[in-house]
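Enquirer: Quick one: sequence plus predicted model below, questions after.
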Amino acid sequence: MSPRIDPQAGQPAPADRLVDVPRLITAYYSERPDPAVPAQRVAFGTSGHRGSSFDLSFNESHVVAISQAICSYRKQQGIDGPLFIGFDTHALSAPAFASALEVLAGNGVEVMTAADDEYTPTPAVSHAILTYNRGRTAGLADGIVITPSHNPPDSGGFKYNPPNGGPADTEVTGWMEARANDLMRSGLTGVTRVGFAVARRAATTHAHDYINTYIADLANVIDLRLIRDSRIRMGVDPLGGAGVHYWARIAEHYKLDLTVVNDAVDPTFRFMTLDWDGKIRMDPSSPYAMRRLIGLKDKYDIAFACDTDHDRHGIVTASGGLLPPNHYLSVAIDYLFRNRPLWNPGAAVGKTIVSSAMIDRVAARLERRLYEVPVGFKWFVDGLLKGDLGFGGEESAGASFLRLDGGAWSTDKDGIAPALLSAEITARGGHDPAEVYRELTKDLGEPFADRVEARATPEQKKKLSKLDRAQIHSTELAGERIDQVLGSAPGNQAPIGGVKVCSKSGWFAARPSGTEDIYKIYAESFRDEAHLRRILSEAQVIVDAALAGA
C-alpha cells in the first residue's frame, strides 16, 4: 500500500530529470488536444484546470477556451468590474497569461496585471479582489490565477476566483468546464481574441501594484511589530515561486531579521531536491523537497517556505525540523483563537474531513464550533468572507484566517500569512511551534497519522466516491467499535467523495485520486504507532469489501 520511495529522494535533481523548457512551450502552442479524449478535455478539479502540454492536457486551446468561458460567465452574471490576474514561475504560466490576456482584451474586460510583469502569489490576487470589492455592491471584481500550485515543472494550471475572492465553487466551474469544452469541440469558434501586443496596449489593460498593496496590509493580519521587536532570526525559502520578490520587501518594510536563503527563479527548478517519488515538486510540506531548508534550521529561530504560488506553507523549527502540516494547523488554531480578541466570539474553526482530529480537540478546549467539510478550500470561502470562520485549513498545508479586527483577509489559501504567524507565535511565547505542539499533546493526547495508497480501477474509484454507511458492514476498527461512518461532511452535509470511519481512538478516510488509478487512505490513531498500522491495514480490507459489494 505505501508508496515506494525513490532512491534519489531528497537529493539534488540530476540533469536527466529536468524539464526541457523549449519543448514544453513549443508543445503548448503547437499541439492540438482532442476534446473527444477525456484526458485532453478541460477538467476543473479542486483547484482549477491542471495538466501538461506534453500530455495535451494544458495547451493554448485549453487556456483560450477557459478564458472565453470566463468572459461569457462574467457577462451572464453581470460581473463588470476589473479582473485581477496573476501567474507564477512555472514555465507554462507566462505563455498561458499571454493567451488569456489576448482573449480578455478581445472581450473588452478591464484587466489588472502585475506592474513590471511581477510574479503574483495566489493570496495577493484574492487580497486584491476583496480590497477592491469592500463596500461595493456593483461593479465587482473577480480574478484568475495561473498556477498548478506545487506540481512538477512541466505542469500548468488555471483557476478562477469569483467576486468572493476564493476558489470558484462546483456550480461555477462545472458551467465553465462545459462551455470551454464546447468551444474546443467547435475548433474555438466563438472565441474573441486580439494579438498579444494589441492586448498589452489596450485601454482596458492596466498595471496593478500587487506586491506593495499586499505587503502594506500585512500588519493588519500579523503582529509584525512584535516580531520586529523580538529580534528573532527568520529564514525563508520561496522555492523559486511567485512570492520570490515579496520576502525581501516584507523584511525591509517591517524591519525584520529575515533572510531569503534562495532567490533563484528557474523554470526547471533545478535547485530543488527530489520529492519522495523522484519528481521535482515544490511541496513545502515534504521533508524530501524541503531538505535544503531543513539543513539550515539551526541558523534561525524559525524558518519557513511556500510552494510555487505561495498558497501553502511549510514550517521548519529549530527544535523539531519540518513540522507536519496537521501539527502546525493545530498550533496555529490554538494560538489565533487565544490572541485575536476582536474576532467574532462565535467564529468557528474550519477543517477538512481528512485533517487531524487534534484540531477537533483544540476546538473543543477553546469552546469553538468545529466546521468540518470535504476536501477543497472552496468550502471555507463564505465563512471567511463573513467572519463566521476564524480559520480554515487543509491537511495539505493550505490555510487562511481573519484579519486582527475580524474582517476577511484572503478567502483563498495564503502561505505567506501562516508562515509569518509561526514567527509571531515564536516571538510571543519564546517557544517555536514544534515546542508548542509537544505541550498540546501533553494536554490533549498524541496522534499518530499516515496516508497511504491502494490500487483501484476507474470503476472502483467511481464506486468509492459514492459509498455510504449501508455499504460498510464492519462493526469494529482495530479492536474498537465503529462509532461513525460518514459519506458527507458534518459541517455542511456535502458529499466527501469517499467514506470516513471513526472509532473512539482513531479514524480512517478513503478517497479516490482524481488523476491516478489509486485511492488514498488517511488514518490517525490516538493510541500508538501499532494501532495506526492496524487501522491502515483494516481500512483497506473494509473498503475493498465495500467496493466488492457495491
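Expert: Now that the structure is in, tell me what you want to look at.
Enquirer: Please tell me how far Ile227 sits from Ala219.
Expert: Applying CB to CB, to the nearest Å, the value for Ile227 to Ala219 is 10 Å. C-betas here are computed from N, CA, C, even on glycine.
Enquirer: So for the two, which sits in the more crowded spot?
Expert: Neighbour totals were compared for Ile227 and Ala219, and Ile227 leads with 25 against 14 (other CB atoms under 10 Å).
Enquirer: wait, is the more buried one part of a strand?
Expert: No - the assignment for Ile227, made by DSSP: H, G, I helix; E, B strand; the rest coil, is helix rather than a strand.
Enquirer: I figured it hits Leu421, correct?
Expert: No - using CB atoms under 8 Å, Ile227 makes no contact with Leu421, being 9.7 Å away.
Enquirer: Overlap in contacts, Ile227 and Ala219.
Expert: Common neighbours of Ile227 and Ala219, counting by CB atoms under 8 Å, 6 or more residues apart in numbering, are Tyr254.
Enquirer: Verify the stated contact: Asp517 with Glu459.
Expert: No - look at Asp517 against Glu459 with CB under 8 Å: they stay out of range, at 10.3 Å.
Enquirer: Poorly predicted segments of this structure, please.
Expert: 1-3, 514-516, 550 (pLDDT under 70).
Enquirer: does Leu547 sit in a helix, a strand or a coil?
Expert: helix.
Enquirer: What about it, how many residues nearby?
Expert: Around Leu547 there are 20 residues (other CB under 10 Å).
Enquirer: isn't Tyr335 right up against Val436?
Expert: Yes - the criterion here is CB under 8 Å, and Tyr335 meets it with Val436 at 7.4 Å.
Enquirer: Overlap of the contact sets of these two?
Expert: Ile425.
Enquirer: Which one's more surrounded, the two?
Expert: In this view Tyr335 and Val436 are compared by other CB under 10 Å, and Val436 has more residues nearby, 23 against 19.
Enquirer: Identify the residue nearest Gly314 in space, chain neighbours excluded?
Expert: Leaving aside its sequence neighbours, Gly314 sits nearest to Pro284 (CB to CB, 6 or more residues apart in numbering; 2.7 Å).
Enquirer: just the helices in the stretch 301-450 of the chain please.
Expert: Per DSSP state H, counting those that start in this stretch, the stretch 301-450 of the chain carries helices over the ranges 325-338, 358-366, 381-386, 416-429, 433-444.
Enquirer: Which among the ones you listed is found nearest to Asn107?
Expert: Shortest distance between Asn107 and the helices of the stretch 301-450 of the chain, using CB to CB, is found for helix 381-386: 25.5 Å.
Enquirer: So for that closest one, what gets flagged as buried?
Expert: Val381, Gly383, Leu384, Leu385 (16 or more other CB atoms under 10 Å).
Enquirer: Please apply the same query to stretch 407-417.
Expert: Under 16+ other CB under 10 Å, the buried positions of stretch 407-417 are Gly407, Ala408, Trp409, Ser410, Thr411, Asp412, Lys413, Asp414, Gly415, Ile416, Ala417.
Enquirer: Does the second one touch Leu384 like I think?
Expert: Okay, so that is Ala408. Yes - contact criterion CB under 8 Å: Ala408 and Leu384 qualify, at 5.6 Å.
Enquirer: Now the common contact residues for the two.
Expert: If you check Ala408 and Leu384 against CB under 8 Å, 6+ apart, the residues they both contact are Leu402.
Enquirer: Now the two most distant members of the buried residues of stretch 407-417.
Expert: Pairwise over the buried residues of stretch 407-417, using CB to CB, the maximum falls at Gly407 and Gly415, 20.1 Å.
Enquirer: Mind listing residues that contact stretch 203-217?
Expert: 82, 84, 86, 101, 104-105, 108-116, 118, 120-121, 123-125, 127-128, 131, 199, 245-246, 249-250, 253.
Enquirer: mind listing what the residue lying closest to Ala545 once chain neighbours are set aside touches?
Expert: Once flanking residues are discounted, Ala545 sits nearest to His473: 6.9 Å by CB to CB, 6+ apart. Going by CB under 8 Å, 6+ apart, His473 touches Ala545, Ala546, Gly549.
Enquirer: And Val63, by the same measure?
Expert: Ala96, Ser99, Ala100, Phe158.
Enquirer: Tell me which entries of those residues lie within helices.
Expert: Ala96, Ser99, Ala100 (DSSP state H).
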